[in-house]
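Undergrad: Fold the following and give me the result.
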Amino acid sequence: MNKIELEIVAISQSFTQNQSYAVVLGETRGQRRLPIVIGASEAQAIAIAVENMNPSRPLTHDLLKNIFGQFEIFLKEVVINNLLDGVFYSKLICIHNGSEYEIDSRTSDALALAVRFHCPIYTYEPIMDSAGILLEEPKKYTEMAEAELSFKQKEEQKTTDYAIYTLNELNKMLSEFLEKEEYEKAAAVRDEISKRKK
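TA: Predicted coordinates:
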């Protein structure tokens with residue numbers, strides 16, 4: 001069965017379930033999107049890696065990556081291999097001592113690791129057929145496209161709160177937020193600092 005390569009294109013708040021988020025995966029060679037509902041902590045774990053933030057202490061997925069590295073386990077790819085009753089199932093395809101191993105994983109954890117290892121994410125055609133959404137008019141704002149943009153727009157709006165601070169104050173705030181593990185605030189401050197450096 002041919003695999004379809006995916007990439008993370010957005011993380012947005014879920015419209016269907018409270019306290020949940022949707023990570024939106026898109027075909028690297030196509031217009032289809034695959035939204036997957038995940039919890040808030042899992043969304044945060046993915047967002048931290050996507051944003052290249054460095055927490056003061058390793059999070060669970062960072063710890064797992066460190067363990068893999070220590071024992072020379074290479075994460076080759078992540079495969080979303082099944083969909084049953086609305087639940088996605090995934091496997092980590094790992095290489096150790098020249099042998100390949102498949103490890104069962106929650107999809108949210110698999111995605112958090114894929115971002116950290118910079119490895120490809122795949123799924124199969126039947127899963128895209130049953131759960132994927134086709135963006136038939138990519139130049140127009142479809143409902144899915146708006147969901148993809150919402151995460152970035154919310155992050156951009158947050159930076160306005162920090163526009164009144166000096167660069168030194170922002171750097172100090174960034175350190176404090178990272179130390180307190182307040183990653184959403186840290187991301188907003190970091191974005192404001194980046195905007196000023198451009």
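Undergrad: Pick out the residue closest to the middle of this structure.
TA: Ile46 (3.6 Å; Cα atoms, centre = their mean).
Undergrad: May I have the helix or strand containing Ser90 exported as CSV, CA atoms only?
TA: Element membership of Ser90, judged by DSSP states H and E, is strand 87-96. This file holds the C-alpha atoms of strand 87-96, laid out as CSV (Å, rounded to 0.1, in the frame of the first residue of the first chain):
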residue,chain,number,x,y,z
VAL,A,87,-9.6,7.2,16.8
PHE,A,88,-6.3,7.4,14.8
TYR,A,89,-3.6,4.8,15.5
SER,A,90,0.1,5.3,14.7
LYS,A,91,3.4,3.5,14.7
LEU,A,92,6.9,4.7,15.3
ILE,A,93,9.3,3.1,12.8
CYS,A,94,12.6,2.8,14.5
ILE,A,95,16.1,1.6,13.6
HIS,A,96,18.3,0.0,16.2
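Undergrad: What residues sit buried inside it?
TA: 88-94 (16 or more other Cβ atoms under 10 Å). Backbone N, C-alpha and C define where each C-beta goes, glycine included.
Undergrad: Stretch 191-198 too?
TA: Applying 16+ other Cβ under 10 Å to stretch 191-198 flags 191-193 as buried.
Undergrad: just to revisit the earlier point, so the residue nearest to the centre of the chain, which state does it fall into?
TA: Using DSSP: H, G, I helix; E, B strand; the rest coil, the structure places Ile46 in helix.
Undergrad: what's near enough to touch it?
TA: By Cβ atoms under 8 Å, 6 or more residues apart in numbering, the contact list for Ile46 reads 8, 11, 23, 38, 108, 111-112, 115.
Undergrad: Kindly reformat the residues you listed as TSV containing distance to Arg29 and pLDDT.
TA: Below are those laid out as TSV (distance: Cβ to Cβ, whole Å; pLDDT from 0 to 100):
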residue	distance to Arg29	pLDDT
Ile8	16	95
Ile11	22	89
Val23	20	93
Ile38	25	92
Ser108	24	96
Leu111	19	97
Ala112	24	96
Val115	20	96
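Undergrad: So which of those residues sit within strands?
TA: Among those, DSSP state E puts 8, 11, 23, 38 in strands.
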